[in-house]
Structure formats: C-alpha cells, structure tokens
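A.B. asks: Here is a sequence together with a model predicted from it:
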Amino acid sequence: MTTKENILQRLQDTEDYLSGEQLSEELGVSRAAVWKAIQSLRDAGYQIDSATNRGYRLLALPDLLTEAEIRAGLHTKTLGSKIVCLAETDSTNEEAKRQALRGAPDGSVFTAEQQTGGKGRLGRRWEQPEGTGVWFSVLLRPGLIPSEVGNITLLAGIAVCRAIRSLTGCEAKIKWPNDVVIGSRKVCGILTEMAAEVDRIEYMVLGIGINANIPVFPESLAEKATSLQIETGRTVSRAKLLQAVLWELEGLLTPENYSCLTPAVLHEYQMLCVSIGRRVGFYQGKIQKTGTAVGVSSTGELLVNTDDGRQTAVNAGEVVVQGIYGQTLPQ
C-alpha cells in the first residue's frame with residue numbers, strides 16, 4: 001500500500017489521535033511525507049482533525065469509492081489485487097473486458113460512480129443515479145474450462161447476501177439465478193460474462209450492482225426495486241459494503257464450488273433462495289410452463305415440479321416467481 005493508504009488504514013483503526021511522529025516511525029517515512037498524505041486525504045473529502053501535541057484523528061469519511069478507501073480494511077488475498085475506480089464508464093463489465101485484453105491480473109476490481117451503458121441480464125439497459133450504488137466488476141482467470149465454472153453467479157449471490165446481512169441486518173435473499181432481493185423487491189443484480197474456447201477460459205467478468213444509497217425510485221420501479229437506504233432508513237458505507245462482498249466472495253470462489261456446490265454451500269444457497277417453495281413460470285424451448293420450485297441442484301439448476309407432474313431442471317432463461325417484483329402466475 002502507498003503511504004496515504006497506510007495512514008488512512010491507521011486512522012480508521014484508531015479512535016484516538018495519532019501523532020505525526022508515531023506515523024512517521026511506524027511507516028518508515030518522513031514527517032513531511034505524513035503531512036503530505038494527510039493533506040491529500042483531506043483534499044479527497046476525508047475530515048481529519050489535527051491538534052498540537054496530539055496529532056491527527058479521522059472524523060468522517062467521504063461517500064466515495066476510491067482505491068485508498070477500498071484498500072483500507074480490505075483483507076482479501078487475490079480479489080482487489082488491482083483496483084480501478086472510475087468517475088464514469090460505459091459499464092464496469094466492459095471496462096474489465098478491455099483491461100483483461102491488456103493483461104490485467106486475476107482478481108482485478110473495477111468500480112464506477114456512474115455507468116452510461118450499464119446492462120443487466122438478457123441485454124436489458126440498466127440505469128442508476130450517480131454515486132448512489134456499488135457498481136463493480138471482478139476479473140477472474142480461474143484456469144478452468146467453461147463447463148467447470150457454472151456456479152459463479154450463484155456463489156456471487158451468496159456473497160452479496162452475506163455482506164448485506166452482516167452490514168445492515170436486512171434479510172437479503174436470492175431470486176434464482178442472478179438477483180438479490182429484500183422482501184419482494186430487487187436490491188442487486190449480477191451478470192457473469194466470459195471469453196473462452198472449448199478447452200480454456202481466457203477470462204471471466206463478474207459484474208455486481210447493489211442499490212445502496214438510492215433514496216427513492218420512480219413510480220415505474222418502486223414496486224420492483226429497493227435500496228439499502230430505503231430498507232434501513234440510513235445511508236451505508238459503500239466502501240465497507242464492497243469490502244464485505246469481496247471478502248465473502250473470495251472465500252466462496254474455490255475449485256470445489258465452481259462446478260458443483262459443496263453440501264454446506266448448497267444448503268446455504270437453498271436457505272437463501274426465495275424462489276424455492278413458490279410458483280414459477282419459465283419457457284422450455286418455445287413452450288411456457290408453470291410449476292413449483294422445490295430446490296436447486298449442486299450444479300446450479302432450479303428444480304421445478306411442473307404442473308404436468310414432472311420434475312424439470314431449469315438451467316437458463318428468465319424465470320418468473322410468484323409475488324416477486326409484483327408478478328403473478330395462474331394457480
């Protein structure tokens with residue numbers, strides 16, 4: 001970490017004042033370098049008090065996703081090996097793919113305060129207010145073949161639910177396969193893309209967008225979407241939320257979970273999956289079917305007991321879930 005990042009970390013870890021001399025000795029830098037780093041942090045929006053004979057104390061954090069803010073408190077080994085924070089981009093997934101072609105390493109993270117061309121599943125346009133959410137993409141180079149990474153999106157859903165629950169207490173759940181909801185409304189979308197040949201994955205991009213501090217949605221979305229601020233009545237630290245997701249995600253992204261969820265992880269996913277036990281609708285080829293979702297397989301398919309008396313494993317496509325996003329199905 002840089003001197004500025006180290007100082008920010010120390011200030012965040014300490015409630016009392018830290019003297020410039022103490023920081024200088026601990027980090028092996030000059031007092032002038034400490035002062036310069038403090039000024040740089042202040043310029044970035046950090047409120048830092050200084051007192052004669054006492055030193056520096058962090059009073060308040062800016063609600064910005066900066067590399068320094070993300071690294072301060074990030075304890076992952078691989079995810080976040082490289083962090084790129086952009087004020088604006090077309091989409092963090094597209095930026096990750098561009099950087100992948102330039103050799104960006106495994107675990108690189110790309111964030112943006114605003115996306116002008118954000119997209120969701122099935123190519124849908126996805127718009128979001130500037131600076132209100134956690135929109136980011138993780139570049140992965142798992143060294144596997146395409147058939148061995150089918151559960152990446154499901155693992156990301158678990159990671160997001162864990163992070164939201166630990167930071168806010170909200171009972172986040174998963175709408176199979178790639179949405180996270182609170183109650184019946186969407187708080188997060190997940191989009192996984194890859195560049196691969198039959199026998200090799202060149203790279204994967206895992207895109208995650210969390211509605212963090214959006215105070216209100218337009219009437220057209222209010223029934224379908226929510227945010228952590230709406231649910232809790234307070235703003236959340238976007239940097240801490242991102243750190244928590246990356247921490248949980250790194251622990252879940254293991255070879256044994258990529259293609260076949262371990263029993264413990266599968267159990268957790270099924271407990272979190274709001275689709276299970278509800279009536280669902282989906283297309284099988286061009287035929288529309290309805291039934292009741294009864295579980296998720298270890299390889300990630302949604303198991304549905306259809307109304308014609310059969311069990312079907314749904315592995316792709318759009319699935320409508322009774323009561324989620326205000327959607328209804330025939331009984």
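C.D. replies: Cool, the structure landed.

A.B. asks: what is the mean pLDDT for the helix or strand containing Tyr56?
C.D. replies: Tyr56 belongs to strand 55-60 when assigned by DSSP states H and E. The pLDDT scores in strand 55-60 average 91.

A.B. asks: just stretch 276-292 next, same as before
C.D. replies: 93.

A.B. asks: if we look at that stretch, which residues are touching it?
C.D. replies: Here stretch 276-292 makes contact (C-beta atoms under 8 Å, 6 or more residues apart in numbering) with 270, 293-296, 302, 304-308, 312, 314, 317-324, 329-331. Just so you know, the C-beta spots here come from the backbone N, C-alpha and C atoms, and that holds for glycine as well.

A.B. asks: same check, this time on stretch 208-228
C.D. replies: 63, 118, 126, 128-129, 131-138, 156, 160, 164, 168, 170, 180, 182-183, 185-190, 229-230, 235-236, 238, 241, 245, 325-326.

A.B. asks: which among the residues you listed end up buried?
C.D. replies: 63, 118, 126, 128, 132-138, 156, 160, 164, 168, 170, 180, 182, 185-190, 229-230, 236, 238, 241, 245, 325 (16 or more other C-beta atoms under 10 Å).

A.B. asks: and these, which of them are in strands?
C.D. replies: Judged by DSSP state E, the buried ones among the contacts of stretch 208-228 include 133-138, 180, 182, 185-190 as members of strands.

A.B. asks: Make a markdown table out of those residues and add distance to Cys85 and pLDDT.
C.D. replies: Formatted as a markdown table, those follow (distance: C-beta to C-beta, whole Å; pLDDT from 0 to 100):
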| residue | distance to Cys85 | pLDDT |
| --- | --- | --- |
| Gly133 | 14 | 92 |
| Val134 | 12 | 95 |
| Trp135 | 11 | 94 |
| Phe136 | 9 | 97 |
| Ser137 | 12 | 97 |
| Val138 | 14 | 98 |
| Val180 | 23 | 98 |
| Ile182 | 26 | 97 |
| Arg185 | 28 | 96 |
| Lys186 | 25 | 96 |
| Val187 | 22 | 97 |
| Cys188 | 20 | 96 |
| Gly189 | 20 | 94 |
| Ile190 | 20 | 96 |
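
A.B. asks: farthest-separated two in those residues?
C.D. replies: Between all members of those, the longest pairwise span (C-beta to C-beta) is found for Val138 and Arg185 and amounts to 24.9 Å.

A.B. asks: circling back to that earlier point, make a ChimeraX selection of the buried ones in the contacts of stretch 276-292.
C.D. replies: Buried members of those, defined by 16+ other C-beta under 10 Å, are picked up in ChimeraX with:
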select :270,293,295,296,302,304,306,312,314,319,320,321,322,324
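
A.B. asks: Inside helices: which ones of the contacts of stretch 276-292?
C.D. replies: Mapping these onto helices (DSSP state H) picks out Gln270.

A.B. asks: mind checking how far Thr153 is from Ser91?
C.D. replies: Computed with C-beta to C-beta, to the nearest Å, the distance linking Thr153 and Ser91 is 17 Å.

A.B. asks: which of the two has more neighbours?
C.D. replies: Comparing Thr153 with Ser91 by other C-beta atoms under 10 Å, the one with more neighbours is Ser91, at 22 against 19.

A.B. asks: Give me the pLDDT value at Glu193.
C.D. replies: Glu193 is given a pLDDT of 95.

A.B. asks: what's it in contact with, if anything?
C.D. replies: Glu193 neighbours (C-beta under 8 Å, 6+ apart): 93, 97, 204-205, 207.

A.B. asks: hmm, try it at 6 Å
C.D. replies: Val205 (C-beta atoms under 6 Å, 6 or more residues apart in numbering).

A.B. asks: Regarding it, what is its secondary structure?
C.D. replies: Look at Glu193: counting by DSSP: H, G, I helix; E, B strand; the rest coil, its state is strand.

A.B. asks: so what's Val304 closest to, chain neighbours aside?
C.D. replies: Gly291 (4.5 Å; C-beta to C-beta, 6 or more residues apart in numbering).

A.B. asks: So in that sheet, which strands flank the strand or helix carrying the one you found, and in what orientation?
C.D. replies: Using DSSP H and E, Gly291 sits within strand 287-296. Using DSSP bridges, strand 287-296 pairs in its sheet with strand 279-284 (antiparallel), strand 302-306 (antiparallel).

A.B. asks: Pipe those strands into a markdown table and attach distance to Glu26 per row.
C.D. replies: Formatted as a markdown table, these follow (distance: least, C-beta to C-beta, whole Å):
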| stretch | distance to Glu26 |
| --- | --- |
| strand 279-284 | 56 |
| strand 302-306 | 52 |
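
A.B. asks: Nearest to Ile174, out of those strands?
C.D. replies: strand 302-306 (10.8 Å).

A.B. asks: And the contacts of that closest one?
C.D. replies: Contacting residues not belonging to strand 302-306 are listed as 176, 280, 289, 291-296, 311-314 [C-beta under 6 Å, 6+ apart].

A.B. asks: Which single one of the residues you listed is nearest to Leu266?
C.D. replies: Nearest to Leu266 among those, with distances taken as C-beta to C-beta, is Val296, at 7.0 Å.

A.B. asks: wait, what's in contact with the closest one?
C.D. replies: 269-270, 273, 302.

A.B. asks: Let's have those residues in a markdown table, adding pLDDT and distance to Pro255.
C.D. replies: Shown next, in a markdown table, are the contacts of Val296 (pLDDT from 0 to 100; distance: C-beta to C-beta, whole Å):
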| residue | pLDDT | distance to Pro255 |
| --- | --- | --- |
| Tyr269 | 97 | 17 |
| Gln270 | 97 | 21 |
| Cys273 | 97 | 23 |
| Leu302 | 97 | 23 |
